[in-house]
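Asker: Structure for this input, please:
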Amino acid sequence: MGRRPRTSAHRHDNQGKAIGFLLISKDISQEMRFTEETRKAKLFDNAIVGNPQEAVDFIANILESSTEYSIIGKDLDGKILLWNEGARRLYGYEPSEVVGKANSSILHTPEDVASGKPRELLDAALRDGKWEGTLRRQRKNGQQFTARVVITPRMDSSRKAIGFLLISKDISDEIRLTEEVKATQFYTRSLIESNIDALMTTDPLGIITDVNQQMVALTGYLREELIGKLFKDFFTDPARAEDGIRLVLREGRVTNYELTAKSKDGRATVVSYNASTFRDAGGKLQGVFAAARDITEQKKLEQQLRESESYNRGLIEASVDGLITVDPSGSISEGNEQMCRMSGYSREELTGTPFKDYFQDSERAIAGVKETFDKGVVTDYGLTLARRSGTPLRVSFNASIFKDASGDVRGIFASARDITEQSRLQSQLGEERAYNRGLIEASLDGVITVDPVLSITDVNETMCRMSGYTRADLVGTAFQQYFTDSKRAADGVRQTLDKGAVTNYELTLRRKEGQELLVSFNAAIFKDADGKVRGIFASARDITDQARLQGQLAEERAYNRGLIEASVDGLVTVD
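Answerer: Numbering: from 1, shown residues only. Here you go, the predicted model:
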């Protein structure tokens with residue numbers, strides 16, 4: 001029999017006299033068993049609950065306060081018996097809609113219901129004591145989501161299954177965040193691996209924690225061989241490498257920190273590091289992120305550039321001409337020593353000052369700069385340099401624009417040659433040419449020059465009148481084509497070139513109008529300053545009348561001789 005607590009009391013009559021007893025009792029076996037099982041299970045301390053009702057109330061409070069988790073109680077067939085606040089929020093059903101009325105299969109997707117999934121899960125929970133996993137679930141509004149689900153059997157006091165407790169939580173956000181993290185990690189990794197630079201991370205102690213494939217290629221070591229090793233061990237100067245890590249940790253960042261990487265096979269590669277520290281979400285220092293770029297080729301190019309600059313400087317300074325560069329604003333940006341000597345100003349005094357300020361005609365100097373920028377080049381541009389000494393210097397500029405690697409015009413480069421003496425010689429030459437021309441044109445004979453290939457190079461006006469052709473018609477044409485016997489004309493030129501001179505060389509000139517003119521040529525070769533024969537110089541005299549008179553004279557002499565010889569008498573002349 002169960003234990004029953006008893007309470008007794010006297011029964012009294014109207015006068016208060018005891019006439020009997022009243023006995024009240026209650027079966028508390030269940031309460032005692034519940035208390036004992038609770039004590040054995042150690043679900044909570046007796047100070048929290050003191051009796052079954054308090055325990056039930058306590059558990060009910062827990063169920064209702066659990067809003068993050070859906071807690072559903074159901075019988076062996078899946079009929080819903082318990083529905084907490086978390087279930088209401090998660091699935092959208094009110095307790096009055098489902099408790100004692102609906103089967104838990106309404107929480108499954110139609111596909112799972114059709115395949116018998118709800119029953120399969122319950123059987124698995126009965127068989128194994130628990131089923132745990134993820135499922136696609138369906139809310140009242142038809143929306144589906146992924147939930148983490150735990151199904152455990154409910155037992156009575158004799159350990160017989162009487163139903164199930166189903167606990168579930170929406171993990172859609174967790175899945176989404178996990179996928180986003182995976183995508184971010186994949187994207188980050190792709191960025192790291194696709195970088196043309198060698199990338200690595202180290203912890204604050206300088207131990208490598210990650211590398212990319214470029215770092216593997218640079219060092220010749222596998223990723224597994226690099227991770228966990230000291231950063232400094234992979235460089236020819238470990239102390240400098242370690243100092244670099246300390247500098248990053250101290251300053252937070254370093255740029256263009258040069259080191260020489262040492263590969264597995266002993267190959268040395270000069271690299272430039274850019275590095276910075278990185279921290280976690282709480283701001284705690286996690287380590288150093290470094291990018292190394294192979295600058296071996298760059299260093300070689302820099303050396304070549306220095307050599308090229310030195311070579312160019314040597315060429316500039318070795319020039320006998322003054323060299324100067326002018327920027328687009330018209331200011332001098334560079335000059336060589338010869339330009340300094342020509343102007344009397346030092347390089348420091350010239351640099352940065354207006355180009356025009358050093359010439360007597362500043363407007364012409366400005367125009368020359370503008371013309372160079374407009375046309376790209378100017379040649380033989382004369383200017384008078386206003387020297388510091390006060391003595392003007394006549395110079396001739398050749399200038400052209402120069403551009404940068406992008407094709408943008410950066411300025412003009414000009415060479416200035418002292419042409420003071422040249423100008424004097426040119427003036428003398430002009431005078432000599434004018435004098436010679438005067439002599440040629442003053443000649444009563446036709447004057448003509450012919451080059452070694454028999455082309456006419458010059459004629460005077462008398463020759464033009466004799467031939468009937470203009471100077472423009474004659475110059476550049478073949479000498480022999482103007483004579484009736486072109487072969488004899490060509491032979492005359494060749495004979496002059498061979499012998500150096502010919503005299504009284506007769507030719508018949510065919511004039512433009514068709515008349516013929518007998519001329520006598522005297523010709524001689526002429527040479528350049530180096531003694532090379534440049535052509536022949538010939539004077540042609542019209543001897544038509546002379547030839548006619550000579551003919552008449554011969555006829556007269558023959559006639560007279562005939563008369564003398566025909567006489568029967570002896571004839572004699574005495575002076």
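Asker: where's the most centrally placed residue in the chain, which helix or strand?
Answerer: For the chain, the residue lying nearest the average C-alpha position, counting by Cα atoms, centre = their mean, turns out to be S406 (10.5 Å). With secondary structure defined by DSSP states H and E, S406 is part of neither a helix nor a strand.
Asker: OK, contacts around it?
Answerer: Taking Cβ atoms under 8 Å, 6 or more residues apart in numbering as the criterion, S406 is in contact with no other residue. (Each C-beta comes from the backbone N, C-alpha and C, glycine too.)
Asker: All the helices of the stretch 101-250 of the chain, residue numbers only.
Answerer: Counting by DSSP state H, counting those that start in this stretch, one finds helices in the stretch 101-250 of the chain at the ranges 110-114, 117-128, 172-194, 213-219, 223-226, 238-251.
Asker: List the residue ranges of this protein that fall below the pLDDT cut-off.
Answerer: Of all residues in the chain, those with pLDDT under 70 make up the ranges 1-16, 21-67, 185, 187-192, 547, 551.
Asker: returning to what we had before: buried deepest among the helices of the stretch 101-250 of the chain, which one?
Answerer: Ranked by average neighbour count under the criterion mean count of other Cβ atoms under 10 Å, the helices of the stretch 101-250 of the chain are headed by helix 213-219 at a mean of 19.
Asker: just checking, what packs against it?
Answerer: In terms of contact count using 3 or more Cβ pairs under 8 Å, 6 or more residues apart in numbering; DSSP states H and E, helix 213-219 is assigned the packing partners strand 198-202, helix 223-226, strand 253-262, strand 285-294.
Asker: ok, back up a step: for K79, find the nearest of the helices of the stretch 101-250 of the chain.
Answerer: The minimum distance between K79 and these falls on helix 117-128, with 11.5 Å, by Cβ to Cβ.
Asker: Could you list the residues in contact with that closest one?
Answerer: Helix 117-128 is touched from outside by 76, 78, 103-105, 108, 112, 131, 135, 149, 151-153, 161, 164, with contacts defined as Cβ under 8 Å, 6+ apart.
Asker: mind running it again at 10 Å?
Answerer: Among residues not part of helix 117-128, those counted as contacts by Cβ atoms under 10 Å, 6 or more residues apart in numbering are 74, 76-78, 103-109, 111-113, 116, 130-133, 135-136, 149-153, 161, 163-166.
Asker: For the helices of the stretch 101-250 of the chain, could you give me TSV that also reports distance to L383?
Answerer: Written out in TSV, the entries for the helices of the stretch 101-250 of the chain read as follows (distance: least, Cβ to Cβ, whole Å):
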stretch	distance to L383
helix 110-114	95
helix 117-128	99
helix 172-194	58
helix 213-219	57
helix 223-226	67
helix 238-251	55
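Asker: which stretch among those comes nearest R88?
Answerer: Put simply, out of these the one that sits nearest R88 is helix 172-194, at 18.0 Å, with distance taken as Cβ to Cβ.
Asker: and the protein, what are its domains?
Answerer: Split into domains by automatic domain parsing, the chain comes to 34-168, 195-294, 322-418, 442-548.
Asker: So what would you say the end-to-end distance of the second one is?
Answerer: With Cα to Cα, to the nearest Å as the measure, the ends of domain 195-294 fall 13 Å from one another.
Asker: likewise the third one?
Answerer: From the first residue to the last, domain 322-418 extends over 8 Å; the measure is Cα to Cα.
Asker: do the same with the last one
Answerer: Using Cα to Cα, the end-to-end distance of domain 442-548 comes out at 26 Å.
Asker: quick one: it to chain centroid distance?
Answerer: When C-alpha coordinates are averaged (Cα atoms, centre = their mean, to the nearest Å), domain 442-548 and its chain have centres 68 Å apart.
Asker: again, but for the longest one
Answerer: With Cα atoms, centre = their mean as the basis, the distance from the averaged C-alpha position of domain 34-168 to the chain average is 64 Å.
Asker: what do you get for the third one?
Answerer: In terms of Cα atoms, centre = their mean, the gap separating the centre of domain 322-418 from the centre of its chain is 33 Å.
Asker: Stretch 286-294 too?
Answerer: Here stretch 286-294 shows a centroid-to-chain-centroid distance of 23 Å under the convention Cα atoms, centre = their mean.
Asker: what does stretch 414-428 give?
Answerer: Between the centre of stretch 414-428 and the centre of its chain there are 47 Å (Cα atoms, centre = their mean).
Asker: doesn't T379 fall inside a helix?
Answerer: No - according to DSSP: H, G, I helix; E, B strand; the rest coil, the state of T379 is strand, so it is not within a helix.
Asker: my guess is it contacts S396, does it?
Answerer: Yes - between T379 and S396 there is a contact at 8.6 Å, judged by Cβ atoms under 10 Å.
Asker: out of the two, which sits in the more crowded spot?
Answerer: Here T379 and S396 are set side by side on neighbour count (other Cβ atoms under 10 Å), and the busier one is S396, at 17 against 9.
Asker: Which residue is the nearest non-sequential neighbour of the more buried one?
Answerer: Residue nearest to S396 in three dimensions, not counting chain neighbours: I419, with 4.6 Å by Cβ to Cβ, 6 or more residues apart in numbering.
Asker: In strands only, show me the contacts of helix 117-128.
Answerer: 74, 131-133, 135-136, 149-153, 161, 163-166 (DSSP state E).
Asker: Filter these down to the buried ones, PyMOL style.
Answerer: Once 16 or more other Cβ atoms under 10 Å is used to decide burial, the buried members of the ones in strands among the contacts of helix 117-128 can be selected in PyMOL as follows:
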select buried, resi 74+131+135+149+151+153+163+164+165+166
